[in-house]
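Student: model the structure of this input:
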Amino acid sequence: MHLENKVAIITGSGRGIGKGIAMFLASQGAKIVVNDPGSAQDGSGEDAGPAQQTANEIIKQGGIAIANFDSVADYDSAGNLINQAINEWGTIDILVNCAGILRDRMIFNMTQEEWDAVLKVHLYGHFNTISQASKIMKKNNSGSIINFTSNSGLLGNIGQVNYGAAKAGIAGLTRVTARDLQKYNITVNAISPVAETRMTEGVDGQGKSNKKTSIFAGMKAPEQVAPMIGYLASESAKKITGKIFYVQGGRVSIPFHPTPEHTIYSSESRWSLENLDDGINYVLLRKKRNPVPPAVDITIPGRDSAAKPLNSMPLKNKTFIITGAAGGIGKEIAKELASHGANLILNDPGVQLDGTKENSSLLKQFADELIANNYNAIISKDDITQWEGANNLINSATEQFQTLDGVIHAAGILQDKMIFNMTADEWNNVIKVHLTSYFNLVKHASITMKKQNFGRLIGFTSSAGLNGNAGQANYGAAKAGIAGMTRCLAIDLGKIGITANAIAPTAITRMTESVPKNIKEKKIDYNKASFQSNYNPNQIAPLVAYLCSEQAWNINGKVFYSAGKKVSIAHDILPFRSINKPDLWTIDELAELVPNSLLDGLDAGVN
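Tutor: Residues are numbered from 1 along each chain as shown. Model prediction:
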């Protein structure tokens, strides 16, 4: 009875993994709020039956449970869920975010509604419950939050740009909120599960193996994920926070963090495209593969025909959209691409850092400067946070230049706040500008690029999501979501000659200057003169130009770090250590092996 009298909310617990968790935690003495609106797998419809049935089963077995039918996709409904637990039992000790739906579709066919529905249930659903439950846990100076991410976001999967973006965003949200809540003795971890549920029905690969069966194979029943949840919710795991675990039956694994794996360093102040080509291919991409190379029946410059030389206008007559182009990194990228012969469509409303007070004159002034230097540039005032605005922007490229060869999404805002103080509007504003805007753009752009068998998609992620920055739950989730989205885009589009990559930049911009001292990344002094001189936004631009070139045809699905003279490639989020048992774990067994074997030599908390 490791969880006796603990109050646990488990979302999506009417069926599948969530039900298995509810039953297990109840068997350990927890009082359970079984939350499930009873929707179909695609999120449609409602049915009180599943939640009530799970609650009834718990009660029948001698446990304590109540049913709740609110949708976590809505902030106020999630609040009703939290309040029901408080009204019934006076507190919340454990929150398990397991609710989920699927709306799978290739990116060029995905609709706005399919994107919104999946993001609302998964990514917004996690924020809606965590932001409100954490207020209670903070008062109690105690609590456990367990989130659910997925391989689709951490590694990528076909036809799941929406799901992959949401699930990677949840991993980023986990890293940030672990930092926000650690001082209040609240742990935040995430699970990437493998189990046979209604969400995995029909997934390719089931039943294809003729290999000898091992006692460690299989174990994909939904309830077999539950013991790890019980352990993370117990007092035995109070020092473990900010971690992502893979769980498949009796196997529990810890993956690499998406920190830099290999780094190249320039002997000059800025990289040349030729040296980047050498360093990336010879060093960074060793043992790294393109997840989906172009099909053999299409002609790919650089593979089947000569690519434009990197030292002689490699982007001539190619057309690129750059968002956030009026200042900072976006402006430097525009200047770099223009110098290599590109046609540019510049988009930026000229808002302040928090997204307010538009000033379009900044973009016009910059475009005029480019045109005065004989570069081809036009401006766009379209609102890319809106579906139609992004579509208009894509159409302006093809109307003006008859082609669209790349989209670079550098636009961004900040509305920082600790998770327990962040409002639904502050969350939504940042997610829309960073993550939803990028979806809007690449969805429409991919239709044009598909016809050309050529395209370059470059999103901007951040260490705030890949590693976690306190006070940036919205920004960290959005930026990690872009990394996950990149991995899925690479799989959807690689076969037709379109690459998707992401960059986590470090440079002095208005965004870094705004970060309060107490939540800046450790070991970085943004005010130091040496930092300001060595981390100029223009040092990010060569990497973008190179990834846009024909020479980069086989670089796809990668996350790069770019900081001054350094360019690094991120670790793939693959397991590097595991513990295995050919049966269900107990909490006591996990309490012994997780800290002493799985996490041996690793920091159990966040630095």
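Student: tell me where the stretch 201-350 of the chain has helices.
Tutor: In the stretch 201-350 of the chain, the helices defined using DSSP state H, counting those that start in this stretch lie at 226-233, 273-279, 328-339.
Student: residue ranges of each domain in this protein, please.
Tutor: Split into domains by automatic domain parsing, the chain comes to 7-255+575-598, 260-570.
Student: quick one, which of these is nearest to M1?
Tutor: domain 7-255+575-598 (4.0 Å; Cβ to Cβ). Any C-beta I mention is one placed from the backbone N, CA and C, and that applies to glycine too.
Student: and the closest one, how far apart are its ends?
Tutor: Terminal residues of domain 7-255+575-598 lie 28 Å apart, using Cα to Cα, to the nearest Å.
Student: now do that domain, average pLDDT.
Tutor: If you average the pLDDT over domain 7-255+575-598, you get 92.
Student: swap in stretch 508-516?
Tutor: The average pLDDT within stretch 508-516 is 61.
Student: one more: stretch 394-409?
Tutor: Stretch 394-409 shows a mean pLDDT of 96.
Student: buried sites along that stretch?
Tutor: Neighbour-count burial for stretch 394-409, with 16 or more other Cβ atoms under 10 Å as criterion, is recorded at I394, S396, A397, F401, T403, L404, D405, G406, V407, I408, H409.
Student: got the contact list for the first one?
Tutor: To tie it back to what came earlier, the one meant is I394. Neighbouring residues of I394 by Cβ atoms under 8 Å, 6 or more residues apart in numbering: I321, L404, L441, H444, A445, T448.
Student: apply 6 Å and report the result again.
Tutor: I394 makes contacts with H444, A445, as judged by Cβ atoms under 6 Å, 6 or more residues apart in numbering.
Student: and what of the third one?
Tutor: For A397, the contact set (Cβ under 6 Å, 6+ apart) comprises T319, I321, I345, L404.
Student: neighbour-wise, which one of those residues leads?
Tutor: Most neighbours among the contacts of A397, by other Cβ atoms under 10 Å: L404, with 30 neighbours.
Student: isn't it up against T319?
Tutor: Yes: counting by Cβ atoms under 6 Å, L404 does reach T319; the two are 5.5 Å apart.
Student: deepest-packed of the helices of the stretch 201-350 of the chain, please.
Tutor: Each of the helices of the stretch 201-350 of the chain was scored by mean neighbour count; the highest is helix 226-233, a mean of 27, by mean count of other Cβ atoms under 10 Å.
Student: and that helix, how far from the chain's centre?
Tutor: The chain centre lies 24 Å from the centre of helix 226-233; the measure is Cα atoms, centre = their mean, to the nearest Å.
Student: again, but for stretch 167-174
Tutor: The answer for stretch 167-174 is 5 Å, by Cα atoms, centre = their mean.
Student: which SSE is A367 in?
Tutor: Per DSSP states H and E, A367 falls inside helix 361-372.
Student: can you list the residues that contact that helix?
Tutor: A326, A338, L346, D348, G350, A377, I379.
Student: spit out the contact partners of the spatially closest residue to the first one that is not a sequence neighbour.
Tutor: By that I understand A326. Distance criterion Cβ to Cβ, 6 or more residues apart in numbering; nearest residue to A326, sequence neighbours excluded, is D348 at 3.8 Å. Counting by Cβ under 6 Å, 6+ apart, D348 touches G324, A325, A326, L363.
Student: by neighbour count, which of those wins?
Tutor: Counting neighbours by other Cβ under 10 Å, the top entry in the contacts of D348 is A325, with 30 neighbours.
Student: just the pLDDT at it, thanks.
Tutor: pLDDT, read off for A325, is 97.
Student: residues contacting the residue lying closest to it once chain neighbours are set aside?
Tutor: In this structure, A325 finds its nearest non-sequential neighbour in L346, 4.0 Å apart by Cβ to Cβ, 6+ apart. Counting by Cβ under 6 Å, 6+ apart, L346 touches I322, A325, L363, A367, A377, I379.
Student: as CSV, those with distance to G12 would be great.
Tutor: Converted to CSV, the contacts of L346 look like this (distance: Cβ to Cβ, whole Å):
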residue, distance to G12
I322, 39
A325, 41
L363, 44
A367, 48
A377, 48
I379, 45
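Student: out of those, who's nearest I555?
Tutor: I322 (19.3 Å).
Student: is the closest one in a bridge, and if so with what?
Tutor: For I322, the beta-bridge partners are L346, I408 (DSSP bridges).
Student: now the angle from the helix holding A367 to helix 328-339?
Tutor: With axes from the mean of the first three to the mean of the last three Cα atoms, to 10 degrees applied, the angle from helix 361-372 to helix 328-339 works out at 20 degrees.
Student: list the contacts of whichever helix or strand comes after helix 361-372.
Tutor: With elements assigned by DSSP H and E, the helix or strand that comes after helix 361-372 is strand 377-380. Residues from elsewhere that reach strand 377-380, judged by Cβ under 6 Å, 6+ apart: L344, I345, L346, N347, L363, K364, A367, L370, I371, L393, S396, Q400.
Student: 10 Å instead?
Tutor: Strand 377-380 is contacted by residues 321-323, 325-326, 334, 337-338, 342-349, 360, 363-371, 389, 392-394, 396-397, 399-401 when judged by Cβ atoms under 10 Å, 6 or more residues apart in numbering.
Student: could you list every helix and strand in contact with the strand or helix carrying D425?
Tutor: Per DSSP H and E, D425 falls inside helix 424-431. Helix 424-431 sits against helix 75-89, helix 125-140, helix 473-493, with contacts defined as 3 or more Cβ pairs under 10 Å, 6 or more residues apart in numbering; DSSP states H and E.
Student: again, only this time at 8 Å
Tutor: Of the remaining helices and strands, those touching helix 424-431 by 3 or more Cβ pairs under 8 Å, 6 or more residues apart in numbering; DSSP states H and E are helix 125-140, helix 473-493.
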